[in-house]
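S.K.: sequence first, predicted coordinates after that:
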Amino acid sequence: MERTAARLIKIWLMVSLRAFQSQLVSTWASILFTIGKIARFLLFFVFLFVVLSSTKTLAGYTREQVIFFFLVFNLIDIMVQFLFRGVYHFRPLVISGNYDLDLLKPLPSYFRPVFGFTDILDLITLIPLWIYFLWFVFVNHLFAGVGYLILFFLLLTNSLILAFAFHLFACGVCVLTTEIDHLVLVYRDLTSMAKFPTDIYQKAIQGILTFTIPVVILITVPAKALLGLLSWPWIILAFVISGIFLWGSLKFWRFALSKYSSASS
Amino acid sequence: MKKYLQLAKITFQEYFVYRLNFYLWRFRSLVFFLTLLFFWLAIYGNRTEFLGYQKSQMLTYVVGIAFLRTIVLGSRSADLAGQVRSGELTKFFLQPIKTISFWFTRDLVDKFLNLLFFLIEISVVLSILKFPVYLPQNLPTYFYFFILSLLAVLLYFFLSFTLSVVAFWTEDVWATRWLFGVIFLEFLAGAYFPLDVLPSWLTRIIYLTPFPYLVFFPLKIWLEQFSGGMIIQAILVCFGWLIFFCWLATFLWKKGAKNYGAYGG
């Protein structure tokens, strides 16, 4: 088991290096994308800061807490984009039939679809964001204690597992329908609802965001954990929901793969 | 004229071939709209006025964003860049059809269909949430709003066309469009929030660009927050930007068409 994991990590590092090299080929595009990512973050940050400086609170949260939610959203969103960018490159593989070649390799069938491309530009923005996040948390005393910090990291890992489950589900849909782009973008739009504390939404919408498309589990729960605002039932629920989604996604992926018709090959 | 009508008919049929894509796109627009709406509802709470906007004015601004995103920022001309890169453009040079008219026709169909769905969606949301909407008190306001929105539609078309034509000279088309045509354009157009909530030094800089004429200024007219002189000024400046981008798009198109290498075509 350990040897398999080590081998997969080694392959992922090789794939990431190749992806990085391919991004270096188009340096100008990489620069523009990086500027865009930073500008989007800064413009939204300025907007939030200005609005919350006037209101002082949003749904019972202080200005610093709302910005904290926004930072956690960005951290998780960028980490997910960094790790699972391969999904955006999967459709051409299915349409061309080139995915056949990956199925012949001694790798899990989901490796290429989900981990087939790593966006190094996300890593470039992720590192300073982590530094700023930790600084912001400590300076504004948003850190409830060491136990909460451990819980935060556990729930962050849980979020990545949940995001993996969703991306794998999207790949399964792609195999069945050759559609994936809009589905992934729908996921991104829904997760962006958690830019703000999800308590601002009506109860019915909060319910949908917890159980149907668990954006709350993905972003709001880890954020609340670090603030010390999370009860035990929510912690258990977060792990249970992720487990169910992962199990369901793996089942669905196996089903979708059994219908793969190797188009064009 | 007849051939463009035929083109409109074909474009219309195309949308019904790729129905899932279109529905998912509409769903994404709805999610974006609801996120903004609930954010401002939470910010206002029991307040009636905030940052110079009555509650009904701010919520109308959010509806206005959704409306103008549909009729102004909804566009198909972005696909032109892909045609230049793939060589698919060659067929247009062989056909008795003007490229600019071709893309404008497709844009109009896109706007019409999206507008139809927007009207249904907004009616449903309004009937469920029953939030106050600001309607102008003076009849000329409707006329000025219509004129500036019409100019905004044309301005965005030529702006978008200019960005697509860049594909004649660079392979990094998507990065250029994403940075200037999505990130900067949408933020600086006021397609996320009213620009005058930002610090005044920043809004003064943004007003020097063509972007606020696409969303922000038309909505300020609708909300009757502009005096007569300011309305005339906004219309004239927008007209000036339109002439400039019309010239730039045509100039770049002619230059690019001469250099066109029909890669892959």
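M.R.: The structure has been received and is ready for your questions.
S.K.: check which helix or strand B:Leu155 maps to.
M.R.: Secondary structure here is read from DSSP states H and E; on that basis B:Leu155 sits in helix B:139-165.
S.K.: list the buried residues of that helix.
M.R.: Residues of helix B:139-165 classed as buried under the neighbour-count rule (16 or more other CB atoms under 10 Å in any protein chain shown) are B:141, B:144-145, B:147-149, B:151-165. For the C-beta atoms, the positions are set from N, CA and C on the backbone; glycine is no exception.
S.K.: can you give me the strands in the chain?
M.R.: Reading this off chain A. Under the criterion DSSP state E, chain A contains strands at A:57-58, A:61-62.
S.K.: can you look at chain B instead?
M.R.: B:49-50, B:53-54.
S.K.: ok so, going back, least reliable of the strands of chain A going by mean pLDDT?
M.R.: When mean pLDDT is averaged over each of the strands of chain A, strand A:57-58 scores lowest at a mean of 84.
S.K.: note down every partner strand of that strand and its orientation.
M.R.: Strand pairing for strand A:57-58, determined by DSSP bridges: strand A:61-62 (antiparallel).
S.K.: excluding its backbone neighbours, what's nearest the residue nearest the centre of chain B?
M.R.: With distances taken as CA atoms, centre = their mean, B:Leu73 lies nearest the centre of chain B, 1.8 Å away. Spatially, and ignoring its direct neighbours in sequence, B:Leu73 is nearest to B:Tyr156 (6.2 Å; CB to CB, 6 or more residues apart in numbering or on different chains).
S.K.: my read: the one you found touches B:Val72, true?
M.R.: Yes: because the distance of 5.1 Å satisfies CB atoms under 8 Å, B:Tyr156 is recorded as touching B:Val72.
S.K.: between the two, which contacts overlap?
M.R.: Any residue near both B:Tyr156 and B:Val72 by CB atoms under 8 Å, 6 or more residues apart in numbering or on different chains counts here, and that gives B:Leu214.
S.K.: B:Gln54: which of the strands of chain A is closest?
M.R.: strand A:57-58 (19.2 Å; CB to CB).
S.K.: can you lay out the strands of chain A as TSV showing mean neighbour count?
M.R.: Rendered in TSV, the data for the strands of chain A read as follows (neighbours: other CB atoms under 10 Å in any protein chain shown):
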stretch	mean neighbour count
strand A:57-58	18
strand A:61-62	17
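S.K.: make JSON lines from those strands and add distance to B:Ile120 to it.
M.R.: Written out in JSON lines, the entries for these read as follows (distance: least, CB to CB, whole Å):
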{"stretch": "strand A:57-58", "distance to B:Ile120": "31"}
{"stretch": "strand A:61-62", "distance to B:Ile120": "34"}
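S.K.: who in chain B is up against chain A?
M.R.: Taking CB under 8 Å from any CB of the partner chain, the part of chain B that reaches chain A is made up of B:20-21, B:24-25, B:27-28, B:31-32, B:34-35, B:38-39, B:41-43, B:50-51, B:170-172, B:174-176, B:178-179, B:182-184, B:187, B:192-193, B:197-199, B:202.
S.K.: which of these are buried, as a ChimeraX select command?
M.R.: The command below creates a ChimeraX selection of those among the residues of chain B next to chain A that count as buried (16+ other CB under 10 Å):
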select /B:24,25,27,28,31,32,34,35,38,39,41,42,43,50,172,174,175,176,178,179,182,183,184,187,192,193,197,198
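S.K.: give me the subset of the residues of chain B next to chain A lying in helices.
M.R.: Restricting these to those inside helices, with DSSP state H as the criterion, leaves B:20-21, B:24-25, B:27-28, B:31-32, B:34-35, B:38-39, B:41-43, B:174-176, B:187, B:202.
S.K.: low-confidence ranges in the chain?
M.R.: This is for chain A. Applying pLDDT under 70 to the predicted model, the residue ranges of chain A that meet it are A:263-265.
S.K.: let me rephrase: I mean chain B.
M.R.: For chain B, the stretches flagged by pLDDT under 70 are B:263-265.
S.K.: taking the chain centroid, which residue in it is the extreme one?
M.R.: If you look at how far each residue of chain B sits from its centre, by CA atoms, centre = their mean, the farthest one is B:Asn46, at 32.5 Å.
S.K.: what's the spacing between that residue and chain A?
M.R.: Between B:Asn46 and chain A the computed distance is 12 Å (CB to the nearest CB, to the nearest Å).
S.K.: distance of that residue relative to B:Lys55?
M.R.: Remark: distance between B:Asn46 and B:Lys55 (CB to CB, to the nearest Å) = 9 Å.
S.K.: next one: B:Met230
M.R.: In this structure, B:Met230 and B:Lys55 are 23 Å apart, going by CB to CB.
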